[in-house]
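K.L.:
Based on what follows, work out the 3D shape:
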Amino acid sequence: EQNLNECIFDIYVNELDTDSYKDEWKKSFNTTKITENIVINPSWNTYNGSDNEIVINIDPSMAFGTGTHGTTSLCIELIEKHIKKDDNMLDIGCGSGILMLVSKKLGAKTVTGIDIDKNCYNVVCDNFKKNNINSEYNILIGNLVDNIKEKYDLVVSNILVDVLEKLLSDIQKVLKNDSIVIFSGILKEKEEKFLEKASKIGLNLLDKSYKNEWVCLVFKYEVK
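P.N.:
Okay, here's the model as predicted:
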């Protein structure tokens with residue numbers, strides 16, 4: 001058996017050409033119809049949608065993805081189904097701001113996003129500018145719902161289920177009675193366990209949708 005201490009390794013380091021990498025990355029992001037009415041469009045592309053289409057122009061940056069992943073599209077579909085005009089909306093783990101933009105264009109009064117990554121502040125602001133929205137949105141940097149004191153009509157979060165489970169311990173402080181809560185990023189195999197935990201804090205299952213190995217769950221919060 002060979003002793004690893006006797007092995008010799010060669011390590012090569014090359015400088016990344018970020019400009020060419022970004023150009024290659026952008027080639028994989030095309031105009032995508034998420035629902036019958038909602039279209040995600042690269043901000044560098046000109047897209048003339050029909051009158052009934054809601055077009056979200058977005059430059060997500062390499063760090064935050066394109067907004068077309070299965071968990072995100074599930075979330076968008078169910079936001080469209082359950083949002084009410086003039087809702088105050090909170091997106092926990094907002095990333096590029098795609099769910100905030102969709103909610104705002106669907107009639108939300110105000111949209112607030114929070115993310116632990118400080119880089120998302122400029123990304124979200126840039127994406128809102130690209131959609132000609134200059135007010136009634138807010139971006140916070142922080143962990144989950146730490147330091148949030150407001151309550152919201154609609155709360156959405158598209159993050160890993162392990163983090164969603166941690167969020168359950170504190171999410172009640174941002175919910176009104178009858179708030180709608182939409183969680184995505186949950187693997188089908190973890191759905192049952194998550195539902196059990198959610199029901200214990202007054203989140204009652206209202207709707208759900210599947211895509212590949214993912215499930216998106218919609219709850220109504222009822223104060224216990």
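K.L.:
Output the contacting helices and strands for the host helix or strand of E165.
P.N.:
Assigned by DSSP states H and E, E165 falls within helix 161-168. Helices and strands touching helix 161-168, by 3 or more Cβ pairs under 8 Å, 6 or more residues apart in numbering; DSSP states H and E, are strand 175-187, helix 191-199. C-beta coordinates here come from the backbone N, C-alpha and C atoms, glycine included.
K.L.:
Report the angle between it and strand 175-187.
P.N.:
On the basis of axes from the mean of the first three to the mean of the last three Cα atoms, to 10 degrees, helix 161-168 is oriented at 170 degrees to strand 175-187.
K.L.:
Dump helix 161-168 to CSV, keeping only the CA atoms.
P.N.:
C-alpha atoms of helix 161-168 as CSV (Å, rounded to 0.1, in the frame of the first residue of the first chain):
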residue,chain,number,x,y,z
VAL,A,161,-34.9,22.7,3.1
ASP,A,162,-32.4,22.4,5.9
VAL,A,163,-32.3,26.2,6.2
LEU,A,164,-36.1,26.4,5.8
GLU,A,165,-36.5,24.1,8.8
LYS,A,166,-34.3,26.6,10.8
LEU,A,167,-36.5,29.4,9.5
LEU,A,168,-39.6,27.7,10.9
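K.L.:
hmm, who's touching that helix?
P.N.:
Defining contact as Cβ atoms under 8 Å, 6 or more residues apart in numbering, one finds that helix 161-168 is touched by 92-93, 144-145, 157, 159, 183, 185-187, 190, 194, 197-198, 201, 203.
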